[in-house]
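**Q** whatever this is, show me its structure:
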Amino acid sequence: MGQVRIRKSRAAATRFVFGYALDHWRYVLPTLLGLALSLSVFALAATLSSPPYHAWDVTYAALLALIGLVFGLSWDALARYQDRMRLERIASVEDVEQVTRWLPPAHATTADAEQCFAAIRACDRAWRNHQASTQERVFFYTTLAARAVHSMKTPLQALALLVQAGEHAAQDGRLEREWPELARRAWAELRRLDGLVSQVLHSVRLEDFARDLVPERVSLPALAREVINAFKHDWVIRGIYPRLEIDGDPETYTVFTDRKWLRLILEQVTRNALQYGRSSFTVRLARDGEDAGFRLEMRDDGEGMPPEDLARACEPFYTGAQGRKVATATGIGLYLAREAANRLGLRLSLSSWPGGGTTVTLTFPRAQYFAPEHARLPG
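**A** Now for the predicted structure:
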């Protein structure tokens, strides 16, 4: 075992010497040439001058120069050998976590090695940041899946009860009379399930938002009516009256954006209003000025949020005091709406106070060239 280790050490030393010679021939060769020229000049001067110099003096000077050269190269080789051993240990490490163990605590002995170790440290930092980001995403999606599955239990149980109620009504001959109400409630639970699935899918699509982006001209009044009408059965079941208010000409509220993502934002806020609202939900379109942008305000009359909940309302999986009372609350709706708004270049803000409901404001920047033609004509 010891002989094998000695042979390996000799082979490593031999490779290092040859590698060092190949790497430094540009320095060694000019030095030797310069030494030879110096000795030639020294010998020529010795022959022409009086008194003449002895050959031993020339040899002694040459030996001193060679000893100095060998000493300098050996010192440099020893320093580089230590750095080379560190690099070989790093290259042989299988556990990436142990890479920093072999890095020198301070500066390396040579500039080349310092650059190598600096590059390794930079790669290690980048890898650790990537690992932290990956772990954060894994935690996010794991929590999202767990929350979504848990929230799906309630509408599934409600659908099972509705099926049982339909079976009992059919046995008693009441199915024809009770079917409209049963169907309306069943569709409401199905839409709730669809909303949970949509939250999960769109949370994943946020990772590659640009690929899923399809900008087009969108009429905000038409889109707002479309979203309100999509939940018409839910409004009836919850006893909430939705209303759309538009300041000025509805045709001027036209934007150039992704219709699907903008609809997602409106749907998430609308679902929150259905969960926490009491009797009314108002969507209002208003301008800040003739040459300014405009706002889309969505206001419910629920219990509102205290300041500590309002500050964290858009954090993922944060439900707040009111959300803990609702079994289907996932804490992902406002987070998803805010992230989508940021990627669309919009600003989403919230205002709320206990007992005063919650208002979600979506601010669109000034973009007159997206308005209808007659709105851009002078005069």
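**Q** nearest residue to Pro221 in space, please, no chain neighbours.
**A** Pro250 (4.3 Å; Cβ to Cβ, 6 or more residues apart in numbering). Every C-beta, even on glycine, is put in place using the N, C-alpha and C of the backbone.
**Q** which residues in the stretch 201-350 of the chain form strands?
**A** 215-219, 241-246, 254-258, 280-287, 294-300, 347-352 (DSSP state E, counting those that start in this stretch).
**Q** in the fourth one, which residues are buried?
**A** Same thing as strand 280-287. By 16 or more other Cβ atoms under 10 Å, the buried positions in strand 280-287 come out as Phe281, Thr282, Val283, Arg284, Leu285, Arg287.
**Q** is the first one in a bridge, and if so with what?
**A** Put plainly, it is Phe281. Phe281 has these beta-bridge partners by DSSP bridges: Pro242, Asp300.
**Q** repeat for the fifth one
**A** Legend: beta-bridge partners of Leu285 under DSSP bridges are Ile246, Leu296.
**Q** check the gap between it and Trp179 for me.
**A** 38 Å (Cβ to Cβ, to the nearest Å).
**Q** and if you look at the first one?
**A** Noted for Phe281: a distance of 28 Å to Trp179, by Cβ to Cβ.
**Q** before we move on, what about the last one?
**A** Distance from Arg287 to Trp179, counting by Cβ to Cβ: 46 Å.
**Q** so which bits of stretch 208-223 are buried?
**A** Quick answer for stretch 208-223 (16+ other Cβ under 10 Å): Phe209, Val218, Ser219, Leu220, Pro221, Leu223.
**Q** over to stretch 122-132?
**A** Applying 16+ other Cβ under 10 Å to stretch 122-132 flags Asp124 as buried.
**Q** tell me how far stretch 281-297 lies from the chain's centre.
**A** 31 Å (Cα atoms, centre = their mean, to the nearest Å).
**Q** endpoint to endpoint, it covers what distance?
**A** From its first residue to its last, stretch 281-297 covers 10 Å (Cα to Cα, to the nearest Å).
**Q** repeat that for stretch 299-306.
**A** Stretch 299-306 end-to-end distance (Cα to Cα) = 16 Å.
**Q** distance of the residue nearest to Gly277 when sequence neighbours are not counted from Arg263?
**A** Distances taken as Cβ to Cβ, 6+ apart put Asp300 closest to Gly277, at 3.9 Å, once the chain neighbours are dropped. As judged by Cβ to Cβ, Asp300 and Arg263 stand 19 Å apart.
**Q** centre of the chain to the lengthiest helix in the chain, how far?
**A** What stands out as the longest helix in the chain, according to DSSP state H, is helix 111-172. Chain-centre distance of helix 111-172: 14 Å, with Cα atoms, centre = their mean.
**Q** picking up where we left off before, for the residue nearest to Pro221, what are its contacts?
**A** Ser219, Pro221, Leu285 (Cβ atoms under 8 Å, 6 or more residues apart in numbering).
**Q** apply 10 Å and report the result again.
**A** Ser219, Leu220, Pro221, Ala222, Ala224, Arg225, Leu244, Leu285 (Cβ atoms under 10 Å, 6 or more residues apart in numbering).
**Q** same question for Leu264.
**A** Ser198, Gln199, His202, Arg205, Val227, Asp258, Gly333, Leu336, Ala337, Ala340, Ala341.
**Q** most neighbours of all these, which one?
**A** Ala337 (26 neighbours; other Cβ atoms under 10 Å).
**Q** and the pLDDT for the residue lying closest to Asn342 once chain neighbours are set aside?
**A** Nearest residue to Asn342, sequence neighbours excluded (Cβ to Cβ, 6+ apart): Leu348, at 7.7 Å. For Leu348, the model assigns a pLDDT of 94.
**Q** tell me what Leu348 is bridged to.
**A** Leu362.
**Q** surely it meets Ala337?
**A** Yes: using Cβ atoms under 10 Å, Leu348 makes contact with Ala337 at a distance of 6.1 Å.
**Q** so what sits against both of these two?
**A** By Cβ under 10 Å, 6+ apart, the residues touching both Leu348 and Ala337 are Ile265, Val269, Cys314, Val360, Leu362.
**Q** quick one, phi psi at the residue nearest to Gly357 when sequence neighbours are not counted?
**A** Closest residue in space to Gly357, ignoring its immediate chain neighbours: Asp301 at 4.5 Å, by Cβ to Cβ, 6+ apart. With angles defined as degrees, to the nearest 10, Asp301 sits at phi -110, psi 40.
**Q** ok, now which ones touch Asp301?
**A** 240, 273, 276-282, 355-358.
**Q** looking at those residues, which are in helices?
**A** Filtering those for helices - DSSP H - leaves Ala273, Tyr276.
**Q** which residues does stretch 187-200 contact?
**A** So stretch 187-200 is contacted by 141, 144-145, 147-152, 154-162, 230-231, 233-238, 264, 267-268, 270-271, 274-275, 328, 330, 332-333, 335-336 (Cβ under 10 Å, 6+ apart).
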